[in-house]
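*Asks:* sequence below, structure please.
(chains A and B)
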Amino acid sequence: MVYSEECAIIFRLKGILEFACQLDNPNGSQSQSTISKSFQGLRSKVSSKNIVFTVCNSPILIWPNTGFQSSMESLTEASACGDILQYIESDDGGSKKTLKKKDKKRSGHTVVNLKLLFEVTDPAGNEAPSLIRVDTQQHCVKMPLHLDCVLSVTTEESLASVCTGLVETLRKQLAEMEEVVQRYRKGSSFLVPQPFHFQLPEPAGLTTVIYPAGVPDSQLQAIREDLHRKFELPSDRPYLRRANAFHFPDVAYKDGYLRNPHIHLNPPNIEDAKLYLVQGVYIYHHYMQDRVDDDGWGCAYRSLQTICSWFQQQGYVETAVPTHTQIQQALVDVGDKEPRFVGSRQWIGSIEVQVVLNQLLGVTSKILFVSQGSELATKGRELANHFQTEGTPVMIGGGVLAHTILGVAWSENSGQIRFLILDPHYTGGEDLQTITDKGWCGWKGPEFWDQNAYYNLCLPQRPKTI
Amino acid sequence: MGRSYFVDETVEKYLGGLLADPGSCVTGFLAGQSSPQRDFVVLAVQTPQRESEGQLKSSRGSGPLDDIDVEWVTEHARQVSRMLPGGLCILGLFLVTPPELSKDAQNTLKRLIFAMDKCISKGRLWELTEEDVTDRVTLHICSKTKKTVCKTLDVKDPKSSAKPADWKYQTCVSSSWPMLTCSVEVDLQIPLTGSSSDNTDKCMKDCLTRWAKQIEAGNCLISGRQALDDSELISAQKKNLKTTHRQTFPARILVSDEQPELDERSSALVQLCSGSVRVRGVVHCRAYIHNNKPKARHAVQAIKRDIINTVSSRVEMFLEDLLISEGSRKGLCTGQQALPRRVFAPMPFSGLSVCDYMFPDESTADVADRLKEMLDWETPEEDIDISLESNQLFSPELEMTDSHSDDSRKHVISEVQVENPHIHKAPQYYAGVAVAATIALLATATSLLYFSE
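*Replies:* Below you'll find the model as predicted:
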């Protein structure tokens, strides 16, 4: 991976604009143009000289529409936008130097957060206030529009062009919001338009889509199909479900779980080997999490949870990751286990994992049987193919243990292989350092497996849907 | 340790010059600025005489102290507090009594202080913070010996007793106080649910309160810099300049449209309204801050409060006025009506300014009369600055309604209605009790300024 000097900065501008309008007759023909006029008013507002961008965690203020005024003398319209970074205080008090170099390489983006404000001083005239009363019965509509614009630029781009770009993006977003509002409006029922950002394959890049609040992904299929066509995206994997939204590197996940701990590892040093890894995002589930003491019996359950989290994170399902009890109940529901199974501490294996994935998530899986652990070393091609086409985490059970395989490093020529293992037997807290240092997520050789035991692998298949 | 009041010596002169009929009392207010360490008094004004047609002044109680019309005193204070720019407020009351009544003076002052505070804080749209000083000063002066007793009462705690305080005279207390100014554009769209005018008042008050919170939460720049931390208003380098003139700092306010109550909804809030009210225009604001190492954030608070006060005062005055003129609760009529505009005049003795609100059909002569009555001070008409807010009304652009024809749009925005001339000549100063009688036209005679019972 080459570290490019001109790394990208994402400028993210957020702000709230109140949409308000008065409708005499929400079902009448005039309402559409009234709504349009209100949106036009908002577009003028963001083009007015009163808007101000404030750079979060810094004293910088910029007036983008008054021939570029900034509150910092050293920042002019010609300054490179990367110059802003030195004025920003990061939340942990330290500077960007504390971020490990390889982490920075991997995240690739620096995010500069801006907030949209309006100046109320410096008015155009000085007419003293007056009161205007209108006495017609009207429907008064109010909703906050949460604007969220992104602009991806190189550090060399001038501040002036970044600001112009952001204002343009604001106007465009308002136009797109208007479209969504008009399309989903029923009489006086208005759905709030919400922006979502998606990292699409080049050339589209970081793209923003407006979805109506309250309408589930399942009902937005047609919209996604249009967008897949527009951006030339494959029609068998989801890119534009809400769960696929781009995760900004500077925003902490609220749930406290670790995601993709494997990205912090160095790949094994095998000549000629290629990496075939899990695609997308999964959550590391392991012993003792969520105050469930499953030490000694829950390893397959945890591996199953990791797999379920993958389907949730990629937007294939909206249901939450199942608990041990829910997993057990699912097995009872299909008749695979007796009712007393629920609440017990009985182990499950790959077959049960396959059954539950089907029952709770509608996901089918392939089972791969290996009669001896030593044979796993020969399964390089199959595993490589799996990670290339499906890209889902693999649950492996055998001997007395269950693990999750996140990828392989395999040389087609020499046949040498290493397995990227996520170990559910870890009982500690969500400490990335310990997990990577102590190998709870790590690369293992073929000797890792019990050479004499037989193993079953559950390979979940990705649904071909958007 | 009690509070220290630094009082301008012009106040000393004014208090010394008060004439009281033998045996009677004089009340009045004291105004200035409080800071956490010390307080400054820059103005003292006696309560104007209240003349009523029938002599109601037959003793109700056991003496002149009981005759003090608490409502009248507090109403005077309330109306004057509208005239004070940001940073300044009514700090307390003074009472001049003959020697024989001195021992009861403290009780009277206590009654008056609590009543006054309640009256003044009624219409307030912003909340007090922990840093706000809640002590009010009471000054008792014996008419014979001229001896003064200064104490403070904490209006937060009605059960507390008066604490002694220092009263020191100084020259030119406020001459170098910096002034902050700004002009703020206001554009509020207020939907009216329900049809009674009580409802109208409530809708307007709710909307104004929300707007006030926006202003309070806004970023403020003073002379281009944000007051982000505990920094001082005047940076070290500027302090070296020995300036005796007043520095003026322009302020800029930046707000965002936060609406926490609407945030979680997935659909818009739709209300069926009987109409709407729009308040739109530009207000000119001013605030003063003492020059004893003032913090930038106190200055910011002062100007923000002035912005909020000036808008809410005008709306309040307009509605009060409407109440008097209409008599019945007819409420606002449709169309565009001008709210009173703000004019500034020099404050008695100090170099600070006071403001007043002029209705469209009034003139500077009316303002001068009001200043005389409220502040016991002659103001030459040319000193009254009416240029800061224009009496032009903005012309409303396309209204955001879906009325079917252009005609109906013109219909709702009728011409500016000039109010019945009688009403506005009357000062805002009235006793707050229900008034039914007609209001006399203003003539030069001050007696015509009072309502007949």
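
*Asks:* state the distance from whatever residue of the stretch 1-150 of chain B ends up closest to chain A to residue B:188.
*Replies:* Proximity of the stretch 1-150 of chain B to chain A (CB to the nearest CB) peaks at residue B:86, 13.9 Å away. To be clear about C-beta, it is placed using only N, CA and C from the backbone, and glycine gets the same treatment. Separation of residue B:86 from residue B:188 (CB to CB, to the nearest Å) stands at 20 Å.

*Asks:* between these two, which one's more packed in?
*Replies:* residue B:86 (26 against 17; other CB atoms under 10 Å in any protein chain shown).

*Asks:* list the contacts of the more buried one.
*Replies:* Residue B:86 is in contact with B:180, B:285, B:286, B:287, B:288, B:302, B:303, B:304, B:305, B:306, B:307, B:309, counting by CB atoms under 8 Å, 6 or more residues apart in numbering or on different chains.

*Asks:* burial of residue 363, as a residue count?
*Replies:* You didn't say which chain, so I picked chain A. There are 21 residues near residue A:363, going by other CB under 10 Å.

*Asks:* the chain in question should be chain B.
*Replies:* If we define neighbours as other CB under 10 Å, then residue B:363 has 14 of them.

*Asks:* show me the contacts for it.
*Replies:* By CB under 8 Å, 6+ apart, residue B:363 has no neighbours at all.

*Asks:* let me see the confidence value for it.
*Replies:* Note for residue B:363: predicted pLDDT of 91.

*Asks:* which residues in chain A form helices?
*Replies:* A:31-47, A:101-107, A:159-184, A:221-230, A:299-313, A:324-333, A:350-361, A:380-389, A:432-437 (DSSP state H).

*Asks:* can you flag the weakest of those helices by average pLDDT?
*Replies:* Among those, helix A:101-107 scores lowest, at a mean of 44.

*Asks:* tally up the residues packed near residue 350, please.
*Replies:* If you meant another chain, say so; for now it's chain A. Residue A:350 has 25 neighbours, counted by other CB under 10 Å.

*Asks:* my bad, the chain I had in mind was chain B
*Replies:* With other CB under 10 Å as criterion, residue B:350 counts 23.

*Asks:* who's in contact with residue B:113?
*Replies:* Counted by CB under 8 Å, 6+ apart, residue B:113 has contacts B:92, B:93, B:136, B:138, B:153, B:155.

*Asks:* test my guess that the last one contacts residue B:110.
*Replies:* No. In terms of CB atoms under 8 Å, residue B:155 does not count as a neighbour of residue B:110; the distance is 10.3 Å.

*Asks:* that older thread, how far away is the residue of the stretch 1-150 of chain B closest to chain A from residue B:286?
*Replies:* On the measure of CB to CB, residue B:86 and residue B:286 end up 6 Å apart.

*Asks:* common neighbours of the two, please.
*Replies:* B:180, B:303, B:306.

*Asks:* wait, which of those is closest to chain A?
*Replies:* For the shared contacts of residue B:86 and residue B:286, the nearest to chain A is residue B:303 (9.7 Å; CB to the nearest CB).

*Asks:* now, of the helices of chain A, which is deepest in the fold?
*Replies:* Most buried of these by mean neighbour count (mean count of other CB atoms under 10 Å in any protein chain shown) is helix A:299-313; its value is a mean of 25.

*Asks:* poorly predicted segments of chain B, please.
*Replies:* Within chain B, the segments meeting pLDDT under 70 span B:1, B:51-62, B:228, B:235-244, B:259-262, B:326-332, B:394-453.

*Asks:* which single residue of it ends up nearest chain A?
*Replies:* Nearest to chain A in chain B, going by CB to the nearest CB, is residue B:281, at a distance of 3.0 Å.

*Asks:* hang on, that residue packs against residue A:128?
*Replies:* Yes. If you go by CB under 8 Å, residue B:281 and residue A:128 touch, sitting 5.2 Å apart.

*Asks:* need the overlap of contacts for the two.
*Replies:* With CB under 8 Å, 6+ apart as the test, residue B:281 and residue A:128 both reach B:339, B:389.
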